[in-house]
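Engineer: Here's a sequence, model it:
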Amino acid sequence: MSRLAFSFSSSLIITLRIALVISIAHSNISIAGQLYKYKDANGHWAFSDKPPETEQTFETLGYSKNKKSVSNVRLYYVKNSEGFDLHVQNKLYAPIEIEILNPETKITTNKVIAAKGDERLFSLKNKAGKLNSRWIMGDPATNIDDYNYFPPFSSPKGHRITQGFNGKFSHKSDYSKYAIDIAMDVGTYITAVRAGTVVRVKDDYHMSGTTQYFLDKANVIMVLHDDGTIASYAHILMDTAIVKEGDKVAIGDKLARSGSSGFSTGPHLHFSIIRNAGLKNISIPFTFIDTKGLVFTPKRAMYIIGSTQP
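Structural biologist: This is a model prediction of the structure:
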C-alpha cells in the first residue's frame, strides 16, 4: 500500500521562485529532526513529527543525515546589446517541459528542454526580481509504445499484488491511479522492467509510516524508456541503489533492494509507468509478460513470478 509525494511534488511539478541571483549554487545541508513513535487507536505503530494527541506512552527518535542539495534546473541571464537573454539549463538525464511567465510582456512561454540541454527562453530589458515558473520531467509529445513489461523483480518466488489499478487505499489520483503494490520481503532485488536510462535515484531515507510527515520521504528509482515513459520503483531500502543517474540499464538489471521507506504500511514495491500529459505527470495502464510469454494485466490478489532476462 502506498501513497507517493516526491520532493518535486506528487506529479513531479516544481514551482520555482527565482530571486535576483538566478543561479542556484550547490550546498551541503545537515538535516536533523525528532520523530515520535507510538501506537494508534488500532494498535499499530505510528511514526510522526508530532506527539500523539491523546495521553499515552511514546518514544522519541532522533535522526540526522548530511544531504547535498542540488538544483537540477537552472535559470540564468546572458547579457546582450539591449538587455538580457534568459536561459534555462536542464541538468537531468531526461527532457523537461518548462512554463515561465515573462514579467515584462506578461506572455507565458512553454518549452521542452532536452536532457542535459541548455536553451534561451526570452529577452528582458532588465533582470527580474522574481520569475514565476514550473517544470516537469518528460516530453508530452512522445508516442507511447504498446509494450509488455517484465515483472520488476528477479526472485523466482511468487509475490502478491496487494493493491492494483484504482486501489481504494491510495491509488486514486491521476499520478497513482494505475500503480500497483507488490508485497515482498525487505532486501528483495528490484530489477528493470524495460531498457532505459536512470533519471532519478533517491535512497537516503530509513523509516516509514502513514502520517503526512512521510508523504515525500519514499526512496525511489526512475528509469526513462525510449518512448518517453518513465518507470517508477518506490519504497526501496535505504542505501541499496546499485545504479546512479545517467546509467543505461537493460531488462532484468538489478536496480536496488525492496524496503518500506516513506508513506508505507509494510515492505513492498510501489510500481508505476508515468508519462507527461502536458505539465502533469500521470500514471498509465500497463501489462506484464510472464515466464511463458503470456501477457496479463496485474490485478489485486494476483501472484506474479520474478522476471528473467530475455
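
Engineer: Residues in contact with stretch 191-198: which ones?
Structural biologist: For stretch 191-198, the surrounding residues in contact (C-beta atoms under 8 Å, 6 or more residues apart in numbering) are 93-94, 115, 147, 149-154, 221-226, 231, 243-255, 271, 306-307. The way it works is simple: take the backbone N, C-alpha and C, and place the C-beta from them, glycine included.

Engineer: List the buried residues of it.
Structural biologist: For stretch 191-198, burial by neighbour count (16 or more other C-beta atoms under 10 Å) applies to 191-194, 196-198.

Engineer: And the residues you listed, which two are furthest apart?
Structural biologist: Farthest-apart pair in the buried residues of stretch 191-198 is 191 and 197; separation 15.7 Å (C-beta to C-beta).

Engineer: Spatially nearest residue to residue 121, not counting backbone neighbours?
Structural biologist: Nearest residue to residue 121 in three dimensions, chain neighbours excluded: residue 86, at 4.8 Å (C-beta to C-beta, 6 or more residues apart in numbering).

Engineer: how far away is the one you found from residue 203?
Structural biologist: According to C-beta to C-beta, to the nearest Å, residue 86 stands 34 Å off from residue 203.

Engineer: which of those two has more neighbours?
Structural biologist: Legend: neighbour count by other C-beta atoms under 10 Å for residue 86 and residue 203, higher for residue 86 (24 against 19).

Engineer: That one is in contact with residue 126, isn't it?
Structural biologist: No. The criterion here is C-beta atoms under 8 Å, and residue 86 misses it with residue 126 at 11.3 Å.

Engineer: packing partners for the helix or strand hosting the residue nearest to residue 121?
Structural biologist: Assigned by DSSP states H and E, residue 86 belongs to strand 84-90. Applying 3 or more C-beta pairs under 8 Å, 6 or more residues apart in numbering; DSSP states H and E, we find strand 84-90 packed against strand 73-79, strand 96-101, strand 108-113, strand 118-124.

Engineer: again, only using 6 Å
Structural biologist: With contacts taken as 3 or more C-beta pairs under 6 Å, 6 or more residues apart in numbering; DSSP states H and E, strand 84-90 sits against strand 73-79, strand 118-124.

Engineer: strand partners of that strand, parallel vs antiparallel please.
Structural biologist: Strand 84-90 has these partner strands in its sheet, going by DSSP bridges: strand 73-79 (antiparallel), strand 118-124 (antiparallel).

Engineer: of the buried residues of stretch 191-198, closest to residue 121?
Structural biologist: The shortest approach to residue 121 among the buried residues of stretch 191-198 belongs to residue 197, at 25.1 Å (C-beta to C-beta).
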